[in-house]
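Participant: Return atomic coordinates for the entry below.
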Amino acid sequence: MSVELNHTIVHARDNRASAEFFAELLGLEITTEWGPFVAVALGNGVTLDFATVPGGDITPQHYAFLVSEEVFDAAYAKIVHRGIPHQADPHGERPGEINHHDGGRGVYFPDPAGHFLELLTVPYGGWPAEAPGN
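Facilitator: From the prediction side, this is the model:
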């Protein structure tokens, strides 16, 4: 068997609020809720299991998601409509913009717990020559 990521735990101040923010923004569904976890399934079978951290002390993490052009358009429209601060780069030097790395589009923005989220339509380095869509 090959090695695949099955799930990861994402710390939150409010597990339900963070899961709902993420699921609604990207058009995903909350799949299960058990114990301290509210899970959101990604398209490749991986789940993000949101867990409330007692006391709310969260070390911000970076989560990058490869999305289709259609998902990017819908999510970016929601980011702008909601006034979520966003930028084209991880250092915030291009606020209110998106980037066009490798012929795609990308954007960075915070989630409710303060994690750094990134959406990109083309992986860094571009698509391999034999990849679909090239």
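
Participant: which ones are touching the closest residue to Pro123 other than its chain neighbours?
Facilitator: The shortest distance from Pro123 to any non-neighbouring residue, by CB to CB, 6 or more residues apart in numbering, is to Leu66 (5.9 Å). All C-beta atoms are positioned from the backbone trio N, CA, C, and that covers glycine. Going by CB atoms under 8 Å, 6 or more residues apart in numbering, Leu66 touches Leu120, Thr121, Val122, Pro123.

Participant: Now which of those would you call buried?
Facilitator: With burial judged by 16 or more other CB atoms under 10 Å, the buried subset of the contacts of Leu66 is Leu120, Thr121, Val122.

Participant: any idea how far His86 is from the last one?
Facilitator: Spelled out, it's Val122. 18 Å (CB to CB, to the nearest Å).

Participant: May I have the beta-bridge partners of the closest residue in space to Val67 that isn't next to it in sequence?
Facilitator: With sequence-adjacent residues excluded and distances taken as CB to CB, 6+ apart, Val67 is closest to Leu119, at 5.3 Å. Per DSSP bridges, the residues bridged to Leu119 are Phe65, Val107.

Participant: pLDDT wise, what is Leu119 at?
Facilitator: Per-residue confidence (pLDDT) for Leu119: 98.
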